[in-house]
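> Fold the following.
(2 chains)
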Protein chains: 2
Amino acid sequence: MKIVILGGGGVIGQKTAHALAASGTLRGQQIERLVLADIAPPAVIDAPFAVGTRTGDIANRADVDAMIDADVDVVFHLAAVVSGQAEADLDIGLAANLHGTLNVLERCRALGTCPIVVYTSSMAAYGGEVPDPITDFSVHNPQTSYGAQKVIGELLLTDYSRRGLIDGRGFRLPTISVRPGAANLAASSFMSSIIREPLNGAEAICPVDPAFEHLYLSPRACVANLIRGAEIETEALGMNRCMLMPGRTWTIAQLIEAMTRIAGPEPARLIRWEPQPEVQAIVMGWRARTEPVKALLLGLRADESFDDNVRYYLEDDRPRA
Amino acid sequence: MKIVILGGGGVIGQKTAHALAASGTLRGQQIERLVLADIAPPAVIDAPFAVGTRTGDIANRADVDAMIDADVDVVFHLAAVVSGQAEADLDIGLAANLHGTLNVLERCRALGTCPIVVYTSSMAAYGGEVPDPITDFSVHNPQTSYGAQKVIGELLLTDYSRRGLIDGRGFRLPTISVRPGAANLAASSFMSSIIREPLNGAEAICPVDPAFEHLYLSPRACVANLIRGAEIETEALGMNRCMLMPGRTWTIAQLIEAMTRIAGPEPARLIRWEPQPEVQAIVMGWRARTEPVKALLLGLRADESFDDNVRYYLEDDRPRA
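Predicted structure coming up:
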């Protein structure tokens, strides 16, 4: 079993690599080699199998050819320009998210081996004039360039799979929280930082009000779902290869209550409430409620409570003093 | 008012040109110039304004720049590689339908004038595991590469419109019948030829049984809808720029009854019933029933009866002896 993770230097890429290292197997087979590929050199991980790193830009077909070895069995395609950056610069978003995904699919097609491709789409696929809740049969109606580009990737993934060129599986991720590391350009960045920074003893800004509802998934559950996504039997997927990834809906107030239950009252006092209309304009167009029936039937899972998400952060990610 | 029709040599492109020539205006303004552009030289039409023709391939950005003049007000983007060809050759379909549409949008973006772009998508956007009937909120679930590429064009059209780069309006066309000209290799070809050929005194083959239901629109109503599409006030469109174009659902038996009411009993005797499982396998996967609420509210229309479609063919298209 030979695996490449595109976006292997990112939070989910690194956590997926660690999970694969911990199990040593995928789809019931020993892992022989894992390649972590990203635009900046990914951190190497310890594993009971060979781990390599590659650096390249998925917008460049030659780079993609060099990142995806000819004998690869499973490609985790997690590489993307995030929502804030794709909105700020249409060309950069199209290059990475549209042409980059086409490059990945064309490389896999050229191999002639129908490799498994696990693709991360986003809840940004939805928004605007669409009835609630979102189901597997709700129209994609993205309200951002990032969302549009992600749905385009879904359509290509399903079409290349239908043609037998790849064995694709795409998942619309809820917002990942508590996401470790530094804040990034995603409009959703605050949905982790208002928990993460206070747990680390630092201040954080909340740009929306406490009643703001959103759909969340912990990094740990997301990684388990992506690995489950790679393991689903092809026959069970049906023609439509893309689906909602389960998440759970909570308000900002509920997130903070969970943090307080786990870590006491001090962290919540480090949150500063500063409404930011430009952030609100993006995140209030997103959908908070889903019925991810297909993914649940295929064995993917949401978190039980946001208390778990807070605990996972403390166990997996909080920097040690 | 300066207009270009990409796909201006095709059936709908030519009929749109004739309709514009007959009215002389669009959006309440005198038409000054119409350019018909296509991959082969389009037929010139008589009009009370200047008519030019251009030849080029929309897959080639330089050709697109030469087809769309810098002062254009309205672009009818009807150019596409059709379903059969896009299915037979993925590369040709992607080149014309994905990269070609990107080229059109990028050309319009580069103009900096936010031109109106009227885009023809297709009922091929739907299929597979989706509840009946199709509504404006049904998930796009194309079962062909053509359908996938058309939906990708929709997503780009809406995103470029949201960003203020173009003023896009996209419509998912029902099957056009009675389509003039020769039969082609499209699986839907018989849905016109079983009416057209008998009205012309020739035999035709019907590969499905009389109870087969499908969604139809006459060329005349389609052209009226595309022109209405260009005329809708921007504010009335909302964020989602693409919608179902109205059609009406009839059985093959109803089509033939309409022909008999208009043209007497002789034509129906020229239909040979020869079941073709390979055609049935394709067309029975298509959707026959829609609720095109948004388009109806915006003033687009279906035909009143298939009798009208038969009459339109006789009036507009039947070759004169």
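> how about the residues of the stretch 101-250 of chain A near chain B?
Counting by C-beta under 8 Å from any C-beta of the partner chain, the residues of the stretch 101-250 of chain A close to chain B are A:102, A:128-131, A:136-143, A:145, A:148, A:151-152, A:155-156, A:158-159, A:162-163, A:165, A:238-240. (Glycine included, C-beta is placed from N, CA and C.)
> Any of these buried? List them.
Taking 16 or more other C-beta atoms under 10 Å in any protein chain shown as the criterion, what is buried in those is A:102, A:128, A:130, A:136-143, A:145, A:148, A:151-152, A:155-156, A:158-159, A:162, A:165, A:240.
> so where's chain A uncertain?
A:321 (pLDDT under 70).
> Looking at it, which helix is longest?
When chain A is parsed with DSSP state H, its longest helix is helix A:145-162.
> Tell me which helix or strand comes right after it.
strand A:167-173 (DSSP states H and E).
> so what does that following strand touch, helix or strand wise?
Strand A:167-173 sits against strand A:116-122, helix A:145-162, helix A:219-231, strand A:242-244, with contacts defined as 3 or more C-beta pairs under 8 Å, 6 or more residues apart in numbering or on different chains; DSSP states H and E.
> Please, where are all the helices along the stretch 1-150 of chain A?
In the stretch 1-150 of chain A, the helices defined using DSSP state H, counting those that start in this stretch lie at A:11-23, A:61-67, A:83-88, A:90-93, A:100-111, A:145-162.
> May I see those arranged in a markdown table, with distance to B:Pro48 as well?
Listed next are the helices of the stretch 1-150 of chain A as a markdown table, based on distance: least, C-beta to C-beta, whole Å:
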| stretch | distance to B:Pro48 |
| --- | --- |
| helix A:11-23 | 61 |
| helix A:61-67 | 50 |
| helix A:83-88 | 45 |
| helix A:90-93 | 39 |
| helix A:100-111 | 45 |
| helix A:145-162 | 40 |
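> Tell me which of those is the most buried.
helix A:145-162 (a mean of 27; mean count of other C-beta atoms under 10 Å in any protein chain shown).
> for it, packing partners?
Using 3+ C-beta pairs under 8 Å, 6+ apart, helix A:145-162 sits against helix A:83-88, helix A:90-93, helix A:100-111, strand A:116-122, strand A:167-173, strand A:242-244, helix B:145-162.
> From the chain's centroid, how far away is that helix?
Here helix A:145-162 is found 15 Å from its chain centre; the criterion is C-alpha atoms, centre = their mean, to the nearest Å.
> and the residue of the stretch 151-300 of chain A nearest chain B?
Across the stretch 151-300 of chain A, the shortest distance to chain B (C-beta to the nearest C-beta) belongs to A:Asp159, at 4.1 Å.
> Which residue, neighbours along the chain excluded, lies closest to A:Met67?
A:Ala37 (3.9 Å; C-beta to C-beta, 6 or more residues apart in numbering or on different chains).
> what's the spacing between the one you found and B:Asp307?
To B:Asp307, A:Ala37 is 62 Å away according to C-beta to C-beta, to the nearest Å.
> swap in A:Met123?
Between A:Met123 and B:Asp307 the distance is 48 Å, computed by C-beta to C-beta.
> what about these two, which has more around it?
Neighbour count, other C-beta atoms under 10 Å in any protein chain shown: between A:Met123 and B:Asp307, A:Met123 has more, with 25 against 15.
> In this model A:Pro174 seems to touch the more buried one, though I could be wrong.
Yes. Here A:Met123 reaches A:Pro174: they are 5.7 Å apart, a contact under C-beta atoms under 8 Å.
> Show me whatever sits in contact with both of the two.
A:215, A:247, A:290 (C-beta atoms under 8 Å, 6 or more residues apart in numbering or on different chains).
> from those residues, which single one is nearest A:Ile116?
Within those, the smallest distance to A:Ile116 is 23.3 Å, found for A:Gly247 (C-beta to C-beta).
> Grab the nearest non-local neighbour of the residue in the stretch 1-150 of chain A that chain B sits nearest to.
Of all residues in the stretch 1-150 of chain A, the one sitting closest to chain B is A:Ala148 (4.1 Å; C-beta to the nearest C-beta). Nearest non-adjacent residue to A:Ala148, counting by C-beta to C-beta, 6+ apart: B:Asp159, 4.1 Å away.
> show me what contacts that neighbour?
Under the criterion of C-beta under 8 Å, 6+ apart, the contact list for B:Asp159 reads A:142, A:145, A:148.
> and if you look at A:Val293?
So A:Val293 contacts A:135-136 (C-beta under 8 Å, 6+ apart).
> which one of the helices of the stretch 1-150 of chain A lies closest to A:Pro267?
Across these, closest to A:Pro267 is helix A:11-23 (C-beta to C-beta), at 20.8 Å.
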